[in-house]
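# my questions are about this predicted structure, shown below with the sequence.
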Amino acid sequence: MAVPTSRGQLINFGLRKLGYPVLEINLDTDQIHDALDDTIQLYQERHYNGIERMFLKYKITQDDIDRGTAKGTDGVGIVTTTGIQTSNVTVSNNFYESSNFLSVPDHVIGVNKIFKFDTSSISGGMFSIKYQLFLNDLYNFNSVNLLQYAMTKTYLEDIDHLLTTEKQIRFNQRQDRLYLDIDWGAQSVDTFIVIDCFRALDPEEFKQVYNDPFVKRYFVALMKKQWGMNLIKFRGTKLPGGIELNGREIYDDGVREIEEIRSRMMMDYETPPLDFIGWWIMALNPYFLNGSRGEQRLVQSLINEHLKIYGQEVTYIPRKYVNQSTIIEEVQASKFDDNFSVEMYVNTYDGYSGAGDVLTKFGMSLRDEVELTVSKERFEEFIAPFMDASDDIDLSSRPREGDLIFFPLGQRLFEIKFVEHEDPFYQLGSTYVYKLKCELFEYEDEVIDTSLDIIDTQVQDEGYIATLKLVGVGRTATATPILGSGYIREIFLNNDGSGFTGTPTVAISTSPSGLSGNNATAVAFTTTRANVTSIEKILLTNAGAQYTSPPTITISGGGGTGAAATCSINTASNGVVRFVMTDNGIGFGTAPVVTVAAPAAGIASDRAIGIASIGDSGNGFNRVNSIFVQNAGIGYTSALPTVTISNPETISGVGTYQFNEIIQGMRSGTQARVKNWDQDTGILSISQVGIGTTTTGFFKGEDIKGLTSGALFSVSIYDKDDSTDKYNEGDIFESEADLLIDFTESNPFGSF
């Protein structure tokens, strides 16, 4: 049980009785202290436990005598001057009042009478009647009847009352002055008077006052009445959810309790009526200033409390504009990387609104909507200051369309589509809430990185626009050169031709030796420039042997015409006529560099040149399939030259890519954001390819580094097909359409 022993403890007790901290008690601090002061005042003036009778002893001083005997003209008394000004004369009057009062402590609330120790003939001195009576008649109790003594004493007191002037006193509690209308000139210095009075108990001195049942009950009732009085002005004001304020009930309850407590006190606890005690009157002023700042603040506080009680804690996620078009201010890239917890009232508390779940030709479409109400003050004080500090947010003073709300009940993300700030419409001249109309969020390649897994993973499986097949383990390839003489050293492309739609065939006349292994072979590589496809180069797969004159080279097929090539041969020394792969290696993103050692007696320009060709090994990882001879070299002896093949980009991949981190191609400089990383399959799903750069793709074989995790693997396959777009079924349509219409030979709809 609470036992208040101080003013603060009693205030806390009263607030708890009214419902705090479960409820917010809409009372100003000054109003609470006023109620407590009124309670203590009534207790001290009307309750018999609030006062005590006491006797104050006072010694008369010369100053008291001087003031009591002074007249106004002596300059000691109190002078009141009045005057009337007329057109031709001024009339003024002086009124004189003696300063015959004593200043008593302010806790004295009433004076009954005073006693003075004087030397009256009845009771004072050895020659007084009382002394002589005791001396002559009462020396022996048997010599006089006590009844006769009592009657005699009463008779003598009557004589003293008639002969001695009665002491007149005047006292008013509000002045703290005790007027003594006596003959101050007959008083002596250092004589004493005793004041029979009542004083109020000081609760700071007598702590039990704060625990008095009357004080506690009456204090709570006064606060309840004041609370209702504050709210009664706002009757009919609507809160979120349609609830209306009704302070009349609280006010009426407070008035009823006050009347019951006062009635009980008058019957059981009230001090007997005395002249110095006046009736305590409570004055009420039921009028307020309509639309004052205080009233608006009260309504805002009530709405804040209402939302905290009946609202749902959601997460507000502001949209930041990372990149905007400078022409039409179109948002090209945005991100969500902040989160703020705030309470909001769910207006659509009976379920989601909107079109609901719709079955379309592209699949299931979820079109749920929800309407939420947030306190204007709460948003401006707890969210807006943080948003204002961000350079990526243009408007921070209110919720914005495009921002996200994470609704925890369904663990779903909603996007704000419209913000209503005038409903309810200017109650008491102001608005207090924002109503947010939200739709289920559809991911469009935004960055969601709030550091809350429950939110960030909402779109982890959406929005891939590319996948990378990465290689984590590589192995260097090795090859052995084959030497021969009478070989084709180099092929010269005299005319690259044009109009090729396929790969042309290169035919070289046979070697005079008649051995098929000595016949030279080559392949052509085409390129397209300005919409014209021609031959870029011809490389030897076998430089041949035992040729005595340059063979004839014939280029045919592939749909093109005009291509022609010749070659040079060497019969004086050996050259590298072909390469035999001893280990194809693995993990190559691009063709490695092949370096052949120069002849022992030759110069660098005499060395053979090999060109590597890579291809899929069957498990998604590239290997070196073969090495072409671009130049067979010259001056080699029977000793085989050394062939060195450069390493793949990544011999051993390291690390683990993190969700939402930025990756960067180490050669292309292209950046993207990680959506998912499957280390077992080596598949890295990414979005926002080219973010922050002008490049929009990755090179095969380049290293991909995670800028946060430090993970490093190399690209084996770069697939730009957006296979996760739920509205893009182009691949399915294309493959199914091939069963109906054949586009391989020509356009069945004609050409223009």
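Sure thing, it's come through. Remember, it's a predicted structure, so these values are computed and weren't measured experimentally.
# what about P399, distance to E313?
Distance of P399 to E313, computed by Cβ to Cβ, to the nearest Å: 16 Å. No exception for glycine: its C-beta is placed from N, CA and C like everyone else's.
# ditto for G242
Separation of G242 from E313 (Cβ to Cβ): 21 Å.
# so which of the two has more stuff around it?
For G242 and E313, the more surrounded residue by other Cβ atoms under 10 Å is E313, and the numbers stand at 10 against 7.
# ok, the more buried one - contacts?
Applying Cβ atoms under 8 Å, 6 or more residues apart in numbering, we find E313 in contact with S341, V342, E343, M344, P408.
# among those residues, which one lies nearest to E24?
Closest approach between the contacts of E313 and E24, by Cβ to Cβ: E343, at 13.4 Å.
# so that closest one, which of the three states?
strand (DSSP: H, G, I helix; E, B strand; the rest coil).
# report the beta-bridge partners for it.
Here E343 sits in beta bridges with E313, going by DSSP bridges.
# give me the phi and psi for D30.
D30 adopts backbone torsions of phi -60, psi -40, taken as degrees, to the nearest 10.
# burial count for it?
Close neighbours of D30, defined as other Cβ under 10 Å, add up to 8.
# state the pLDDT value of it.
On the pLDDT scale, D30 is placed at 93.
# state the distance from it to S485.
Counting by Cβ to Cβ, the gap from D30 to S485 is 114 Å.
# just the helices in this structure please.
With DSSP state H as the criterion, the chain has helices at 7-18, 29-46, 62-69, 129-137, 146-163, 213-232, 247-268, 293-310, 376-382, 384-388, 453-456, 730-737.
# and those as CSV, adding distance to D183?
Shown next, in CSV, are the helices of the chain (distance: least, Cβ to Cβ, whole Å):
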stretch, distance to D183
helix 7-18, 46
helix 29-46, 34
helix 62-69, 9
helix 129-137, 23
helix 146-163, 14
helix 213-232, 45
helix 247-268, 43
helix 293-310, 59
helix 376-382, 71
helix 384-388, 77
helix 453-456, 93
helix 730-737, 122
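# so which of the ones you listed gets nearest S534?
That would be helix 730-737 among these, by Cβ to Cβ, at 29.7 Å.
# and N26, what does it touch?
Neighbouring residues of N26 by Cβ under 8 Å, 6+ apart: W227, N230, L231, L298, S301, L302.
# before we move on, what about F699?
Counting by Cβ under 8 Å, 6+ apart, F699 touches G589, T590, G665, R667, S668, V715, Y718.
# my read: the second one touches G701, true?
It refers to T590. Yes: between T590 and G701 there is a contact under Cβ atoms under 8 Å: 3.6 Å.
# neighbour count: those two, which is higher?
Taking neighbours as other Cβ under 10 Å, T590 and G701 compare with G701 leading, 23 against 18.
# for that one, which non-adjacent residue is spatially closest?
G589 (1.8 Å; Cβ to Cβ, 6 or more residues apart in numbering).
# joint contacts of T590 and G701?
In contact with both T590 and G701: E649, using Cβ under 8 Å, 6+ apart.
# dihedrals phi and psi, T708?
In terms of degrees, to the nearest 10, the main-chain angles of T708 are phi -100, psi -50.
# now do the same contact list for I538.
Contacts of I538 (Cβ under 8 Å, 6+ apart): I491, L493, V506, A522, V523, A524, F525, I553, A565.
# give the contact list for the fifth one.
Counting by Cβ under 8 Å, 6+ apart, V523 makes contact with T503, V506, I538, L539, T541, F628.
# make CSV out of these and add pLDDT.
Output for the contacts of V523, formatted as CSV (pLDDT from 0 to 100):
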residue, pLDDT
T503, 90
V506, 94
I538, 93
L539, 93
T541, 92
F628, 94
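# of these, closest to E205?
Looking across these and measuring by Cβ to Cβ, the closest to E205 is F628, at 109.8 Å.
# surely that closest one touches I614?
No: the pair F628 and I614 fails to qualify as a contact (Cβ under 8 Å) at a distance of 11.9 Å.
# for R53, give me the pLDDT.
So R53 comes in at 86 (pLDDT).
# contact partners for it?
D196, C197, F198.
# what's the spacing between it and K113?
Counting by Cβ to Cβ - R53 and K113 are separated by 12 Å.
# overlap in contacts, the two.
Counting by Cβ under 8 Å, 6+ apart, the residues touching both R53 and K113 are D196.
# picking that back up, which of the contacts of V523 lies closest to E381?
T503 (71.4 Å).
# so where's the stretch 651-752 of the chain shaky on pLDDT?
Where the stretch 651-752 of the chain drops to pLDDT under 70, the residues are 692-696, 721-752.
# likewise for the stretch 301-450 of the chain?
For the stretch 301-450 of the chain, the ranges with pLDDT under 70 are 322-332, 360-365.
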